[in-house]
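Novice: please work out how this folds:
(one chain, ligands or ions: 1)
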Amino acid sequence: MITIDQLVKRRGSRTVLDNVGFTARPGRVTAFLGPNGAGKSSTLRILLGLDRADDGHALFDGRPYRTLPDPLRTVGSMLEGSGAHRSRTARNHLAWVARSNGIPRRRVAEVLAEVGLAADARVRVAKYSLGMGQRLGIAAALLGEPQILVLDEPVNGLDPEGIRWIRRLLRDHADAGGTVLLSSHLMTEVADVADDLVVIANGRIVTTGTVTEVTSGYADLEEAFFALTGVTR
Ligand SMILES: Nc1ncnc2c1ncn2[C@@H]1O[C@H](COP(=O)(O)OP(=O)(O)OP(=O)(O)O)[C@@H](O)[C@H]1O
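Specialist: Sure, this is the predicted structure:
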């Protein structure tokens, strides 16, 4: 379970997160949705201990990320692509992440197969397409077999087959009892896979609920998104 409570983040005189609060529950795919600059990455960075909040809490099963005894086995995350050095191969990168987190080496081959990168495991990351980089980032997130997944824009750069694949992966993870939180700036991208939506605009949560609850009363998914976030077409 992910609990975000009254999160406040200021940058200079600007409040980029204004009392942001929501939960992401086990067995559910929760999509964190909002236009560019709404505050999604800022929230996820605080959740993952990469940035500090000025106020509020962001917790995994009641604990901040920094205090988790075995973080990669509890939470798998991906922010801004793979995070791998360009001169490394996918295999080297994952082996390094596994080694530095006490994860058995056999997991490297397992996750490479799971994300469809086995044949490209010895290719340097510099030669990867955007979609392959996303797959590598997801492979790293899966290494520790975590119960919770936090993924920032995981669909970004994936082709239609890749999008179908990630939706299946996230659905299966939640169906197996996992907690999945993913961010997106496109309602149409997540409506098929998400159970719950959390919509943010200008640093404030504007609505939360199931996909049906959030989109009812609107002509279509895009209409709902534009109306809720105040984005004008
Ligand atoms: N390091 C930073 N310094 C100053 N302002 C920042 C910084 N990072 C983010 N911001 C500002 O905080 C606000 C929220 O940005 P954030 O990246 O969290 O939005 P987002 O919803 O993730 O958008 P996107 O979909 O474009 O990634 C924006 O106005 C952004 O300009």
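Novice: by contact count, what packs against the helix or strand bottoming out on mean pLDDT in the chain?
Specialist: Here the helix or strand of the chain ranked lowest by mean pLDDT, DSSP states H and E is helix 187-190, holding a mean of 85. Counting contacts by 3 or more C-beta pairs under 8 Å, 6 or more residues apart in numbering; DSSP states H and E, helix 187-190 packs against strand 29-33, helix 221-229. All C-beta atoms are positioned from the backbone trio N, CA, C, and that covers glycine.
Novice: can you lay out these as CSV showing mean neighbour count, distance to the ligand and mean pLDDT?
Specialist: CSV is the format used below for the helices and strands packed on helix 187-190 (neighbours: other C-beta atoms under 10 Å; distance: least, C-beta to the nearest ligand atom, whole Å; pLDDT from 0 to 100):
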stretch, mean neighbour count, distance to the ligand, mean pLDDT
strand 29-33, 27, 9, 97
helix 221-229, 18, 10, 87
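Novice: which residues does the nearest residue to Ala194 once chain neighbours are set aside contact?
Specialist: In this structure, Ala194 finds its nearest non-sequential neighbour in Ala31, 3.8 Å apart by C-beta to C-beta, 6 or more residues apart in numbering. Each residue near Ala31 by C-beta atoms under 8 Å, 6 or more residues apart in numbering is listed here: Leu182, Ser183, Ser184, Val190, Val193, Ala194, Asp196, Leu197, Val198.
Novice: surely the last one is in a helix?
Specialist: Pointing back at Val198 there. No: under DSSP: H, G, I helix; E, B strand; the rest coil, Val198 falls outside any helix and is assigned strand.
Novice: so how far is Val29 from it?
Specialist: As for Val198, its distance to Val29 is 12 Å (criterion: C-beta to C-beta, to the nearest Å).
Novice: also the fifth one?
Specialist: Here the distance between Val193 and Val29 works out to 5 Å (C-beta to C-beta).
Novice: joint contacts of the two?
Specialist: Common contacts of Val193 and Val29 (C-beta under 8 Å, 6+ apart): Leu170, Arg171.
Novice: list the contacts for the spatially most central residue of the chain?
Specialist: By C-alpha atoms, centre = their mean, the chain has its centre lying nearest to Leu151, at 1.4 Å. Contact partners of Leu151, counting by C-beta under 8 Å, 6+ apart, are Ser77, Met78, Ile138, Ala141, Leu170, Val180, Leu181, Leu182, Ser183.
Novice: write out the residues of this structure neighbouring the ligand.
Specialist: With C-beta under 6 Å from any ligand atom as the criterion, the chain meets the ligand at residues Arg11, Val16, Gly34, Asn36, Gly37, Ala38, Gly39, Lys40, Ser41, Ser42, His185.
Novice: right, I'll call it a day here.
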